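Asker: got a structure for you, letters missing:
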Ligand SMILES: Nc1ncnc2c1ncn2[C@@H]1O[C@H](COP(=O)(O)OP(=O)(O)OP(=O)(O)O)[C@@H](O)[C@H]1O
């Protein structure tokens, strides 16, 4: 059995006369020690779904099992015990402003029944883990956003959880700070083998952190795959939209303007591996009689594997261009005709 089993879960909110189906018949299995991401646009149902894992949100139908415990039907006592084993990291840190960093973490330790006399050592240990051992007497207001989130992580780890649930944990941070937080979480996952479930709309985080990912749209999971395959060959329209924004080559407006005056087709290509597409391009150009101009190209690495990203402009007789597009589609993982 997987560590987290989400079985046919739906959540319906009654808002006056209206019923909002925030989560719609979602089933997911999350394995021990993996980093599982949930991505989607705002309002897709990500937070609501993740809150069913620690019982903060009761499903309207379906059930969630964590480490063999049916969270949906558990008694209050059993649910409280299960929750101790799940740390939660919030977008806005949720630190108590008029308490020191040490006191903020002490709250979590006390809630978890950690012996009072051992708390000071544990707080030092936890803050050491996130590189903030020298800030324990500071107040949250004296820390930067990134530092606050480190405290959020230390607090979430207080009671030795098996699972960390992270709701947009990097979204309030600048890119560089977000990367630092991602590195800390990666390290925690690797060293402590803690399962991480991470909600985000930031594809940069998905690229750096996730092993597997579920894509949500309108309460449903529309795709479930590895992080690499999500980027290399997204299947659903929503995944293509999200990844497209992140991976597509940006052709500058001036170039677009020029290209508009030239009969031809702009193509966005993606392919697995580091090898150059030159031989394929030359072959297609020779066989169909089109010209293929490479406008842009780069290699991205996801889970240490390469994805090539290329923008090419294909010119020639209409039928030859169409033939070339068909050949590209047959030989390259992902091909999208871009409207200029
Ligand atoms: N307590 C609630 N009462 C009524 N509707 C709710 C409640 N919580 C969430 N919703 C609605 O459920 C839908 C899903 O919201 P949810 O917060 O889960 O999405 P999300 O993907 O996490 O988006 P965001 O990233 O913006 O938080 C939205 O339409 C939202 O308005």
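Answerer: Yep, it's here. Computed from a predicted structure; not experimentally measured. Numbers count the residues shown, from 1 in each chain.
Asker: Run the contact check for stretch 89-100 versus the ligand.
Answerer: No - if you take Cβ under 6 Å from any ligand atom as the test, stretch 89-100 misses the ligand, and the best it gets is 8.5 Å. Just so you know, the C-beta spots here come from the backbone N, C-alpha and C atoms, and that holds for glycine as well.
Asker: Span of that stretch from start to end?
Answerer: Counting by Cα to Cα, to the nearest Å, you get 18 Å between the two ends of stretch 89-100.
Asker: Now name the helix or strand holding the nearest residue to residue 179 once chain neighbours are set aside.
Answerer: Counting by Cβ to Cβ, 6 or more residues apart in numbering, residue 208 is the residue found nearest to residue 179 once chain neighbours are left out, at 7.1 Å. Per DSSP states H and E, residue 208 falls inside helix 203-209.
Asker: ok, now how distant is residue 306 from residue 42?
Answerer: Residue 306 is 31 Å from residue 42, where distance means Cβ to Cβ, to the nearest Å.
Asker: OK, contacts around the residue nearest to residue 179?
Answerer: Shown in contact with residue 208 (Cβ atoms under 8 Å, 6 or more residues apart in numbering): 179, 182, 186.
Asker: Mind checking which of these land in strands?
Answerer: Among the contacts of residue 208, no member is found in strands (DSSP state E).
Asker: from the residues you listed, which single one is nearest the ligand?
Answerer: Using Cβ to the nearest ligand atom, residue 182 is the member of the contacts of residue 208 that lies nearest the ligand, at 17.9 Å.
Asker: Kindly tell me how buried the closest one is, as a neighbour count.
Answerer: Neighbours of residue 182 under the rule other Cβ atoms under 10 Å: 22.
Asker: What pLDDT is listed against it?
Answerer: With respect to pLDDT, residue 182 scores 95.
Asker: buried sites along the worst-scoring helix or strand of the chain on mean pLDDT?
Answerer: Between all helices and strands in the chain, the lowest mean by mean pLDDT, DSSP states H and E belongs to helix 253-260, at a mean of 85. Along helix 253-260, these residues count as buried under the neighbour rule (16 or more other Cβ atoms under 10 Å): 255, 259.
Asker: So what touches that helix?
Answerer: Contacts for helix 253-260 (Cβ under 8 Å, 6+ apart): 251, 266, 295, 313, 340.
Asker: returning to that earlier point: looking at residue 306 and residue 42 now, which is surrounded by more residues?
Answerer: Applying other Cβ under 10 Å to residue 306 and residue 42 shows that residue 306 carries more neighbours, namely 15 against 8.
Asker: so the more buried one makes contact with residue 299?
Answerer: Yes - counting by Cβ atoms under 8 Å, residue 299 is a contact partner of residue 306 at 5.2 Å.
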